[in-house]
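J.: quick one: sequence and predicted model below, then my questions.
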Amino acid sequence: MAKKPTDTGVYRVTEIIGTSKTSWEDATKNAVETAAKSLRDLRIAEVTKLDVKVEGGKVIAYRARVSLSFKYDG
């Protein structure tokens, strides 16, 4: 039985924060889609922290801190 080649390489993890006026899901999506415009070969996106921005006792923005993993070209 033939073996699949292993996926080896070097990866970097960087942390970014996405924002949205509607939800944490949209904040996460905004972060990943924006990062994908300049980073190639994104592999993993992990939400590490969720918070909200509050003004006058009301939530005005959702924020998602996301750790992104991408592969270095080699």
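T.: Structure's in. What do you need?
J.: for the rest of this, base every contact and every neighbour count on C-alpha atoms.
T.: Noted.
J.: how about the helices in the chain?
T.: 24-36 (DSSP state H).
J.: pLDDT weak spots in it?
T.: Filtered on pLDDT under 70, the chain yields the residue ranges 1-7, 74.
J.: for it, which segments count as strands?
T.: Per DSSP state E, the chain carries strands over the ranges 11-20, 42-55, 58-71.
J.: and those: which comes nearest Ala36?
T.: strand 42-55 (6.9 Å; Cα to Cα).
J.: list the helices and strands the closest one packs on?
T.: helix 24-36, strand 58-71 (3 or more Cα pairs under 8 Å, 6 or more residues apart in numbering; DSSP states H and E).
J.: so what does the first one touch, helix or strand wise?
T.: Contacts defined by 3+ Cα pairs under 8 Å, 6+ apart place helix 24-36 against strand 11-20, strand 42-55, strand 58-71.
J.: just name the most buried of those.
T.: Highest mean neighbour count of the helices and strands packed on helix 24-36: strand 58-71, a mean of 18 (counted as mean count of other Cα atoms under 10 Å).
J.: what pairs with that strand, and is each one parallel or antiparallel?
T.: strand 11-20 (antiparallel), strand 42-55 (antiparallel) (DSSP bridges).
J.: closest one to Thr34 among these?
T.: strand 11-20 (8.8 Å).
J.: give me the residues contacting that closest one.
T.: Residues outside strand 11-20 that contact it (Cα atoms under 8 Å, 6 or more residues apart in numbering): 26-32, 61-72.
J.: give me the contacts around stretch 64-74.
T.: By Cα under 8 Å, 6+ apart, the residues outside stretch 64-74 that reach it are 9-19, 24, 27-28, 31-32, 39-51.
J.: can you show me the CA trace of it as CSV?
T.: Output of stretch 64-74 as CSV, limited to C-alpha atoms (Å, rounded to 0.1, in the frame of the first residue of the first chain):
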residue,chain,number,x,y,z
ALA,A,64,-11.9,38.5,17.9
ARG,A,65,-8.2,37.8,18.5
VAL,A,66,-7.0,35.2,16.1
SER,A,67,-3.8,33.2,15.8
LEU,A,68,-3.0,32.4,12.2
SER,A,69,-0.7,29.7,11.0
PHE,A,70,0.9,29.9,7.5
LYS,A,71,3.6,28.0,5.8
TYR,A,72,6.9,29.7,4.8
ASP,A,73,7.9,29.2,1.1
GLY,A,74,10.9,27.1,0.8
